[in-house]
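Asks: model this:
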Amino acid sequence: MSTPGAIFPSSIESLYCDHHAWLKRWLQRRLGSAEQAADLAHDTFVRLLNSERVPAQFDEPRAYLTTVARNLVSNHWRREQLETAYLEALAQAPYQFELSPEDRAILLETLLELDQLLDGLPPAVREAFLLTQLDGQTHAQVAEALGVSVPTVKRYVVKGLQQCYFADLSFVA
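Replies: Numbering: from 1, shown residues only. All right, here's what the predicted structure looks like:
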């Protein structure tokens, strides 16, 4: 039995046949890379196949595809920024701190998960949480850096910890 309003594989096939080439060109103009555009176009249709909230009929299929693809592009850019920052930090680390490729991949994925998790927090809360949890700064140091009181920093950190707790992330202490 199918879910009401769910898209069926045959309609995905039709959507793919009618709009895949257009979506790939649209993505390539934004990304500047044919390979990345092809990957994200593919990911767009995979997301549609895996979604339970996709309409069976589209009044504006390109608008819908654009919305899904735009979210994937945003995630792609965020991932690139995190990866660049991570690689820069790693390059500054002492040689004995060198991680294996597997450990690097695991750490980068963990950073991406943490970034996505904290994305919904207000910027000041997010920054206070990261400064205390990742940079090891005291509440007083963070309060001075953000121009807020120590009790405010404590509330911010609690909000960040709650966000992690409710997401069931055990790697944040």
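Asks: buried residues of the strand or helix carrying Thr44, list them for me.
Replies: Element membership of Thr44 [criterion: DSSP states H and E] is helix 34-50. The neighbour-count check on helix 34-50 (16 or more other CB atoms under 10 Å) flags 36-41, 43-45, 48 as buried. (Glycine included, C-beta is placed from N, CA and C.)
Asks: one more: stretch 19-30?
Replies: By neighbour count on 16+ other CB under 10 Å, the buried set for stretch 19-30 is 19-20, 23-24, 26-28.
Asks: same check on stretch 63-75?
Replies: Those would be 64-66, 68-69, 72-73, for stretch 63-75 by 16+ other CB under 10 Å.
Asks: go through the residues you listed and say which is closest to Glu113.
Replies: Nearest to Glu113 among those is Leu72, at 16.7 Å by CB to CB.
Asks: just confirm the closest one contacts Leu48, I think it does.
Replies: No. Here Leu72 lies out of contact with Leu48, judged by CB atoms under 8 Å, at a distance of 11.3 Å.
Asks: so which other helices or strands are in contact with the helix ranked longest in the chain?
Replies: Identified as the longest helix of the chain according to DSSP state H is helix 61-92. Counting contacts by 3 or more CB pairs under 8 Å, 6 or more residues apart in numbering; DSSP states H and E, helix 61-92 is packed against helix 9-31, helix 34-50, helix 101-118.
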